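A.B. asks: Structure here, sequence nowhere to be found:
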């Protein structure tokens, strides 16, 4: 509210601890009243960094499934619209086996639960054996997992991750090609959230290092084009930029707001 935002993302518990408490009815009711009074919609929850539903490890896998179930339960308790999660990795296992493990893990974690909550698979920068750096892998995870869920599966696209994975969202042509691919492979109607982050790493670097808007290798012009794109008008834009100094959050938010007020410069082509 102080920042002037009308949507927000939170962790429902510590993102670096397995153990998490439940949400009290009083706290959930208070949050609902606060959101209604200040028109804060949608509410996005990001899952714990520890969770890896693609893991075959006999210790990590059951912990991940139990932790993700807890994420769903807390999201339902507080009335969140979206729960964003990373698909994880299978380490030494094949990508096919890891994707199947993610689908099975989602089904097990959500068993017996239902609601209007949407689960959003976030694309990744493609570091190491991490899944989800390509549009095709995101679609395959959804295709395998949706049938076993009573929740709708969609997507969250991160600009830094997309750029680091090799999608040139920094250029006008590259962004258009990326969105055309997302429409054809994912269906842009299933993309509900955009993580708006500039990138410290270069195109295709697989470096997951977020930067302030306009201070990285994606640049302000690219974010203007994204914000003004007709198919992006209904998406929730969430900042995950660094907070190194007081006022960093306000500065990045104000940059995006200013870009929303200015029509982007469109490249002229000769005939």
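C.D. replies: Done, it's in. Given the structure is predicted, the values throughout are model-derived calculations rather than measurements.

A.B. asks: When you work out contacts or count neighbours from here on, use the C-alpha atoms and nothing else.
C.D. replies: OK.

A.B. asks: Flag every buried residue along the lengthiest helix in the chain.
C.D. replies: Longest helix of the chain, by residue count under DSSP state H: helix 60-78. By 16 or more other C-alpha atoms under 10 Å, the buried positions in helix 60-78 come out as 61-78.

A.B. asks: elements contacting it?
C.D. replies: The contact analysis (3 or more C-alpha pairs under 8 Å, 6 or more residues apart in numbering; DSSP states H and E) places helix 60-78 against helix 25-38, strand 82-85, helix 95-110.

A.B. asks: any idea which of those is most buried?
C.D. replies: A comparison of the helices and strands packed on helix 60-78 by mean neighbour count, using mean count of other C-alpha atoms under 10 Å, puts strand 82-85 on top with a mean of 25.

A.B. asks: one step back: give me the residues contacting the longest helix of the chain.
C.D. replies: Contact partners of helix 60-78, identified using C-alpha atoms under 8 Å, 6 or more residues apart in numbering, comprise 12, 18-20, 22-23, 25, 28-29, 31-32, 45, 47-48, 50-55, 81-83, 105-106, 108-110, 113, 115, 117.

A.B. asks: List the contacts of the helix or strand harbouring residue 180.
C.D. replies: Element membership for residue 180, per DSSP states H and E: helix 172-185. Contact with helix 172-185 is made by 135-136, 139, 167-169, 188-189, 222, 225-226, 266-267, as judged by C-alpha under 8 Å, 6+ apart.

A.B. asks: same deal with stretch 236-254?
C.D. replies: With C-alpha under 8 Å, 6+ apart as the test, stretch 236-254 has contacts from 3, 5, 7-9, 42, 192-198, 210-213.

A.B. asks: returning to what we had before: tell me which helix or strand comes right after the helix holding residue 180.
C.D. replies: Per DSSP H and E, the first helix or strand lying C-terminal to helix 172-185 is strand 191-196.

A.B. asks: just checking, what packs against that next one?
C.D. replies: strand 152-158, helix 159-164, strand 236-239.

A.B. asks: 6 Å instead?
C.D. replies: Using 3 or more C-alpha pairs under 6 Å, 6 or more residues apart in numbering; DSSP states H and E as the contact test, the elements touching strand 191-196 are strand 152-158, strand 236-239.

A.B. asks: how about TSV for those strands, with distance to residue 177, mean neighbour count and mean pLDDT added?
C.D. replies: Below are the helices and strands packed on strand 191-196 laid out as TSV (distance: least, C-alpha to C-alpha, whole Å; neighbours: other C-alpha atoms under 10 Å; pLDDT from 0 to 100):
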stretch	distance to residue 177	mean neighbour count	mean pLDDT
strand 152-158	15	23	98
strand 236-239	20	21	98
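
A.B. asks: okay, those in JSON lines with distance to residue 121 next?
C.D. replies: Converted to JSON lines, the helices and strands packed on strand 191-196 look like this (distance: least, C-alpha to C-alpha, whole Å):
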{"stretch": "strand 152-158", "distance to residue 121": "5"}
{"stretch": "strand 236-239", "distance to residue 121": "15"}
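
A.B. asks: I'd like the helices and strands packed on helix 60-78 written out as CSV, with mean pLDDT added.
C.D. replies: Below are the helices and strands packed on helix 60-78 laid out as CSV (pLDDT from 0 to 100):
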stretch, mean pLDDT
helix 25-38, 95
strand 82-85, 98
helix 95-110, 97
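
A.B. asks: Having no further points to raise, I will conclude here.
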